[in-house]
Structure formats: structure tokens, C-alpha cells
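Student: fold the following for me, if possible:
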Amino acid sequence: ANGDDRKLYKHLASVGNFFGDVSDDEPAIKKKLTYRPRHNVFSITGLYAPPGELISIRISKADLKRIGQLWVSIGPILNNGDANNEWVNGRGFPRMPIICNLFILTESLSPVYEEGDDYIFYIGSFLGGPIYLKNQVSSIYTFTVTISGAVRYNHYILGYTTPEEYEENKKSSAPYFDLEIWQNGIMHSGPKSYTNDINYDDCYDVAIYWQKVTSVSSQIPYFAPAQISVNMMYEPFIAAG
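Tutor: Model (predicted):
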């Protein structure tokens, strides 16, 4: 404000989040992703934002105009856009209560940078975390984004992730893991340290099981809105156990 430089930094509270830290030697990458429109769920990007690092999001002006809004989250987030409130009282260890940053990117957002036919947005988080994105619910358009400055993290998407990609991502020091049944919007998330013994075939078996479960009922639990699929987060910081 008032012309002063604003800086993003790594917060001390980010140390040990998800029982690990991104190595200083972990290389940042540039990744281009194309998404088909989905119902009201966030999509895995396979990218993790290290705490305090600037991340760029590039999208064509035409794509952003068509989809209206692009929602980008750094850190675990519920599919309806709410942050998961991490209750810590009485649990014997400290944790920031809200550990995600949600950015709603639009043409009118300031600042927005233009480069030819593209818009470029810069985002980041003091705490870091996995990067997810979601198109505006009413959108029926495919869109493409290019994300730079983040690092790989281990994840599995049924029908998309190859064994070779899985093994490469497993080498990353980023401390998070995601498994997703893309067609149903079901996502399992948690610290990577809990999944060290899980191989590619294990991920496939788990994903097929949950694909079968969700083919029986799209409402798990039964009282949830049918248009919003379920996030399942596995870590001791989760509010409801």
C-alpha cells in the first residue's frame, strides 16, 4: 500500500506442516494443464506451492472470459470452497487454524497482468500447500492454464496418472499426497509420510473401490448435496476427527 513493496515470505508456522517440508533443492517446474468442465469440485494440478514462493497462473483472455472465474486454492480446501477449519485445542500440537488461501481470478481483478492474448496472475502462500483449481460452476467450456514456480508432489488420478509419472512424482520432497477418482470428484488427501508404502497398483485398487462405491450412491454421506462430491482428508489435524 502507498507505493511500498509487498513481499511474500515463508512463515515460521509452515515448518513441519503435513509432517514434512519442501527441500530447498526441489526444482520448480512449469506445467500446462487443460481441463474439461466438471461439476462443483476442485481439480488436482499435481503441483505444490512451497511456502513464500511466488506462483504464476497464465490463462488466455478468451478462456477466462468464457469460464467467468477461475478458483485457485493453495492448501487443502473443501469442494464447496470453504477452508477446512483445523481445530487444535487440546490436541497437544500447534497448527494454524486456516491453512489454505483461495484466489478467485477474474478479468477485473487487480492487479492482473496482460501479455499478448494471455492474462497472468501471481499468487502465493505464507504456509504453502497443494494447488487445486475449479472453473465457475455454470461453465461448460474447456480451459487451459499454465502454472509456473511450483514443484511436483506425489498424486494419483484414476485413468490419467501413468506408472512412470507416479514414480517420478514420488521422488518429490513435497510433503503431500492426493488420490482422485476424477469422474466422480472423490478425493483422498493427506501427508505423504502416510503413503510411503503405497505403490501404483495399491492406488489403482483403492480408486476402483471408491469408483464402485460412488456408482452406488453419489451422496456420501447421504445428507450431503448431490452436486458436491466429498473430500476425505487423512491427518490428525482434521477438525471432526
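
Student: so what strands line up beside the lowest-mean-pLDDT helix or strand in the chain?
Tutor: Of all the helices and strands that make up the chain, the one with the lowest confidence by mean pLDDT, DSSP states H and E is strand 231-233; it has a mean of 77. Each strand that strand 231-233 pairs with, and the sense of that pairing, follows from DSSP bridges: strand 186-191 (parallel).

Student: what are the C-alpha coordinates of the strand it pairs with, in CSV please?
Tutor: As requested, C-alpha coordinates have been extracted for strand 186-191 and formatted as CSV (Å, rounded to 0.1, in the frame of the first residue of the first chain):
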residue,chain,number,x,y,z
ILE,A,186,-13.9,-38.1,-5.0
MET,A,187,-10.6,-37.1,-3.5
HIS,A,188,-8.4,-38.6,-0.7
SER,A,189,-5.8,-36.3,0.7
GLY,A,190,-3.1,-36.3,3.4
PRO,A,191,0.5,-36.2,4.4
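
Student: in the helix or strand just after that strand, what's buried?
Tutor: Beyond strand 186-191 in the direction of the C-terminus, DSSP states H and E gives the next helix or strand as helix 200-216. Using 16 or more other C-beta atoms under 10 Å as the test for burial, helix 200-216 gives 200, 203, 204, 206, 207, 210, 211, 214. Heads up, the C-betas are built off the backbone N, CA and C, glycines and all.

Student: between the residues you listed, which sits nearest residue 65?
Tutor: Distance to residue 65 across the buried residues of helix 200-216 (C-beta to C-beta) is lowest for residue 214, with 33.2 Å.

Student: okay, now the nearest residue to the closest one once chain neighbours are set aside: neighbour count?
Tutor: The spatially closest residue to residue 214, leaving aside those adjacent along the chain, is residue 184, at 4.2 Å (C-beta to C-beta, 6 or more residues apart in numbering). Using other C-beta atoms under 10 Å, the number of residues around residue 184 comes to 20.

Student: who's the residue nearest to residue 109 when sequence neighbours are not counted bridged to?
Tutor: Taking C-beta to C-beta, 6+ apart as the measure, residue 109 lies nearest to residue 121, with 7.1 Å between them; neighbours along the chain are not counted. On the basis of DSSP bridges, residue 121 takes part in beta bridges with residue 57.

Student: so what's the residue count around residue 121?
Tutor: Every residue meeting other C-beta under 10 Å relative to residue 121 is counted, giving 20.

Student: cool, residue 163 as well?
Tutor: Residue 163 has 12 neighbours, counted by other C-beta under 10 Å.

Student: from residue 233, how far off is the closest residue to it other than its chain neighbours?
Tutor: Of all residues not flanking residue 163 in the chain, residue 200 sits nearest, at 4.8 Å (C-beta to C-beta, 6+ apart). From residue 200 over to residue 233 the distance is 22 Å, taken as C-beta to C-beta, to the nearest Å.

Student: I would like the residues contacting stretch 21-29, please.
Tutor: Here stretch 21-29 makes contact (C-beta atoms under 8 Å, 6 or more residues apart in numbering) with 14-15, 47-48, 50-51, 53, 128, 148-152, 172-175.
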